[in-house]
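Asker: next comes the sequence, and after it the predicted model I'd like to discuss.
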Amino acid sequence: MSGGHGHVDHVNHKGVALLISVLALVLAFSETLGKAAQTSAISYNIEASNLWAFYQSKTIRRTVLRTAIEQTPLLTDNPKAKAQVDEWRKTARRYQSEPETGEGRDELEARAKAAQKKRDLALAAYHHYEISSAAVQIAIVVASASIVASVPALVWLAVTLGLVGVGFCVVGFWFPTAVHLF
């Protein structure tokens, strides 16, 4: 007992309150960045799906044209048919590669793969932000409990969990593919 005030505080309440404030700030960043990463991942997934659907439609069109190209000479020897076959060949080649518009199969495939890569990067970041948020939320609870229980070890556990949260937030922001947990 000190000075007749009833009990001795082993935990610096102001320090813990400051710790909780810092943890709440980290949590806000982690949650905001996590939601942004999740939204980006969904957008890139939609973009990739749309590009693959376009790729498939070009494949179907190209296959139909190639079938017509192969069948027409068998059915007729008409010079107009030969001109039409040549036109179809040009169109089929354009369906395969159309660098001017970026809408040939080759270009669509490259764009879809790039969107998938961006999606995967955003998802990796999102998972790190989720872990960061969980660690910081637990740290806030433990820090709050340290005030009630007056157990200094809980403050150190809260600091440790907070640092883990900060670490995962940093990894999610700058190095989302560096740590593979999922």
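Answerer: Thanks, I have it.

Asker: so Gln137 touches Leu27, yeah?
Answerer: Yes: with contact defined as CB atoms under 8 Å, Gln137 and Leu27 form a contacting pair (6.4 Å). Placement of C-beta: from N, CA and C, glycine included.

Asker: quick check on these two: which one has the bigger neighbour count.
Answerer: Each of Gln137 and Leu27 has its neighbours counted (other CB atoms under 10 Å); Leu27 has more, 21 against 17.

Asker: count of neighbours near Glu31?
Answerer: For Glu31, the tally of surrounding residues (other CB under 10 Å) stands at 17.

Asker: what sits closest to it if chain neighbours are left out?
Answerer: Distances taken as CB to CB, 6 or more residues apart in numbering put Ser133 closest to Glu31, at 5.6 Å, once the chain neighbours are dropped.

Asker: just the pLDDT at that neighbour, thanks.
Answerer: Predicted confidence (pLDDT) for Ser133: 98.

Asker: repeat for the one 3 residues further on
Answerer: According to the per-residue confidence, Val136 scores 98 in pLDDT.

Asker: before we move on, the earlier item: which element follows the strand or helix carrying the residue nearest to Glu31 toward the C-terminus?
Answerer: Taking DSSP states H and E as the criterion, Ser133 maps to helix 105-149. Under the assignment DSSP H and E, the closest C-terminal helix or strand after helix 105-149 is helix 152-174.

Asker: kindly export that following helix (C-alpha atoms) in CSV.
Answerer: Output of helix 152-174 as CSV, limited to C-alpha atoms (Å, rounded to 0.1, in the frame of the first residue of the first chain):
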residue,chain,number,x,y,z
PRO,A,152,2.0,-5.7,-16.5
ALA,A,153,2.6,-8.8,-18.5
LEU,A,154,-0.6,-8.2,-20.3
VAL,A,155,0.7,-4.8,-21.5
TRP,A,156,3.8,-6.6,-22.9
LEU,A,157,1.5,-9.1,-24.7
ALA,A,158,-0.5,-6.3,-26.1
VAL,A,159,2.6,-4.5,-27.3
THR,A,160,3.8,-7.7,-28.9
LEU,A,161,0.5,-8.4,-30.6
GLY,A,162,0.4,-4.7,-31.8
LEU,A,163,3.9,-5.1,-33.3
VAL,A,164,2.7,-8.3,-35.1
GLY,A,165,-0.3,-6.3,-36.4
VAL,A,166,2.0,-3.5,-37.6
GLY,A,167,4.3,-6.1,-39.2
PHE,A,168,1.5,-7.7,-41.2
CYS,A,169,0.1,-4.3,-42.2
VAL,A,170,3.6,-3.4,-43.5
VAL,A,171,3.9,-6.7,-45.3
GLY,A,172,0.4,-6.3,-46.9
PHE,A,173,1.3,-2.8,-48.1
TRP,A,174,4.8,-3.3,-49.4
